[in-house]
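> Any chance you could fold what I've pasted below:
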Amino acid sequence: MSRNILHLLCILFLVERAECQTYNQLRDSAGKLRESKDYAAAFRLLSEGIRIAPNHPYHNDIYDAAALGSLLQLNDTVFHYLGHLLSEGEYEMITCDAKNDPDFKNVQNDERWWRLIGFASKMKDDEERKKISAVANCISYQDNLKFYTDSILSALIRKQETGEHLKYLINHYNQFPPILRKGNSDLIVFSIKINDTTNSFYEVQLPHDYNNLVSYPILLVLHGAVSQNTGFPDPLSISKYGAFDTTGMNQFFSQMGYQSNTIVVYPHANREFNWMYPDDGFPMVLDIVNDLKRYFNIDDNRVFLSGHSNGATGVISYLLKSPSGFAGFYGFNSNPRIRTGGTFIKNALNRSYFNIATNKDYYFPVSGHDTLASIALSLRIDWQNHVYNGFPHWFPQFKESYAAFELMFKDMSLRRRNPFHNHLYWECDDVKNGRCDWISIGKLDTGSEKMNWQTEINFPVTHWVNNLDTSKISDTMVTAFNYPRLSGAIKANYRSNRFDIETSRIKEFSIFISPDMVELAKPVVVYVNGKELFNKKVDYDKEFMIQSFKTNFDRKVVWANYIQFKLK
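Purely as a prediction, here's the structure:
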């Protein structure tokens, strides 16, 4: 039998078996045939795969079918498939890809070709105009909300008589703007300014019966895979697709957010500006919280942070670098490691962490989570570790993760922020992250000797799961944390107007004073490293109070003044 006849019989066999194959099998077989330049057989298999696709064929497959049709000079088929792409909004596949693809050379003399290019170009222009308008409308809407809030705030400032009266007015502030919804949608898109030239946009899911006279808890959900995102979504694409994938990562965040009357927020990050690495985007989440407190009636003591994968690593980052505005931290499938500096686990003493891990996760082994939880508990950190067996990294996509979400939302319902802890421990290697509640490190002195209570915590991690085959385990040993820079630390305590501070490698620090901590009518006494450095009354500083409120819009924590210390 000749090779040509044998090849033909093989092609006929593949086509006859097409109905017995899955969509993915057909498209893979078509791809191999196309590589061998057998366009006719490739087209038959791919077109059959598109026909039997269980939900919707990939747009790339539709494009490839059109290209194969062009190579076979099947013009009607080409325009059928390209028209289908155009009807689904894939104009760039025509204006950018097909227009410059030599595979479509055979149809470029067909009058329908340039008519199609014209339609696609018009769609592109119309979409760009809509996008620009959506961005402008989003920013304009926020500007109006800010104008409303600023006017109320100005009236409040004018009304204040004394520092004590100003504190009362801030504590009882309850004038929030009416919120405009589109139709019956609970989804509102807002923007956050990243820098002078860049804005990100994020979704806010409101409770069905949101009332601006009632205070609500708020949960921010940080997504993973930040390195795979090169840009930010725009309000138009968010409105079209949203964050609410009912079968995906956010299914239970959304569902339980509604059930618990919690405002749920979905920020967006990319590889340049995110919550993990580098630090350029780290302020984004903090800025979003401060902005939302202007627009919505949020309970300042019930602001929560959660996330998955890179998002959970971000949750750890805020816990250990900037926890002041949050009540609780919840991470799914995290790698609990600060990527921009030291991982100072003892900083978690000031808050809590709720960890959800799975034993088939490649991102960080369960053995590592167990070790870290043991260390945290030995340090008396409020650290929960919940392990679910049999599930890979993308655990929240599984219906079985519902139980973990139930535990998480139950914990949230019981947890409140305490910004006036009598005991604080804070350590940093970058004073941009020097603040936790009422202590702020202003300048480090890493040339001085470290105190013996400032210890570096670390441990080896093994049993890494293979991402492609979760049954395979590597015994490669990786050190859990890096410490690229020297750090400084503070241990601080207060009781009955007396503060006792111990420092290690600290040059400057400040204590923030609230009437909810001390009696301002009596002297405040501060001992630093066993020496009395301050003993006098602290008065209300109204300008400082106003500026603080404008910055963080926190109604529950009003700082009356602060005391700065410069150590020799």
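
> Apart from its chain neighbours, what residue comes closest to residue 432?
Residue nearest to residue 432 in three dimensions, not counting chain neighbours: residue 279, with 7.5 Å by C-beta to C-beta, 6 or more residues apart in numbering. Every C-beta, even on glycine, is put in place using the N, C-alpha and C of the backbone.

> hang on, the one you found packs against residue 340?
Yes - Residue 279 is in contact with residue 340 according to C-beta atoms under 8 Å; the separation is 4.9 Å.

> re the thing from before, any idea of the pLDDT on the residue nearest to residue 432?
At residue 279, the model reports a pLDDT of 94.

> cool, residue 242 as well?
61.

> which residues of the stretch 1-150 of the chain fall in helices?
Using DSSP state H, counting those that start in this stretch, the helices of the stretch 1-150 of the chain run over 3-16, 23-35, 39-52, 59-71, 75-87, 92, 111-159.

> Find the centremost residue of this protein, please.
residue 222 (2.2 Å; C-alpha atoms, centre = their mean).

> Got the phi and psi for that residue?
phi -100, psi 130 (degrees, to the nearest 10).

> Is it correct that it is in contact with residue 264?
No - judged on C-beta under 8 Å, residue 222 makes no contact with residue 264 at a distance of 12.0 Å.

> out of the helices of the stretch 1-150 of the chain, which comes closest to residue 491?
helix 111-159 (36.6 Å; C-beta to C-beta).

> re the thing from before, Provide the partner residues of the residue nearest to the centre of the chain in its beta bridges.
residue 307 (DSSP bridges).

> confidence score at it?
Per-residue confidence (pLDDT) for residue 222: 96.

> Where does residue 386 sit: helix, strand or coil?
strand (DSSP: H, G, I helix; E, B strand; the rest coil).

> ok, residue 193 - contacts?
Shown in contact with residue 193 (C-beta atoms under 8 Å, 6 or more residues apart in numbering): 199, 287.

> Which strand residues bridge it?
residue 199.

> Could I get the pLDDT score of it?
The model's pLDDT for residue 193 equals 89.

> next one: the one 3 residues further on
With respect to pLDDT, residue 196 scores 84.

> burial of it, as a residue count?
Counted with other C-beta atoms under 10 Å, the neighbours of residue 196 add up to 5.

> Next one: it from residue 146, what distance?
Note on residue 196: its distance to residue 146, by C-beta to C-beta, to the nearest Å, is 18 Å.

> One more: residue 24?
The value you get for residue 24 to residue 146, if C-beta to C-beta is used, is 50 Å.

> Of these two, which one has the most company?
Between residue 24 and residue 146, residue 146 has the larger neighbour count (other C-beta under 10 Å), namely 15 against 11.

> Just give the nearest non-adjacent residue to the more buried one, would you?
Leaving out its chain neighbours, the residue that sits closest to residue 146 by C-beta to C-beta, 6+ apart is residue 294, at 6.4 Å.

> Quickly list the domain ranges of the protein.
Domain ranges of the chain: 3-124, 181-415, 418-446+485-568, per automatic domain parsing.

> For residue 167, which of these is the nearest?
Among these, domain 418-446+485-568 comes nearest to residue 167, with 4.7 Å by C-beta to C-beta.

> got the end-to-end distance for the closest one?
32 Å (C-alpha to C-alpha, to the nearest Å).

> what's the answer for stretch 195-212, then?
With C-alpha to C-alpha as the measure, stretch 195-212 spans 30 Å from end to end.

> buried set for that stretch?
200, 201, 202, 203, 204, 205, 206, 207, 210 (16 or more other C-beta atoms under 10 Å).

> Now, those that are in strands?
200, 201, 202, 203, 204, 205 (DSSP state E).

> Now do the first one against residue 135, distance only.
Residue 200 sits 11 Å away from residue 135 when distances are taken as C-beta to C-beta.
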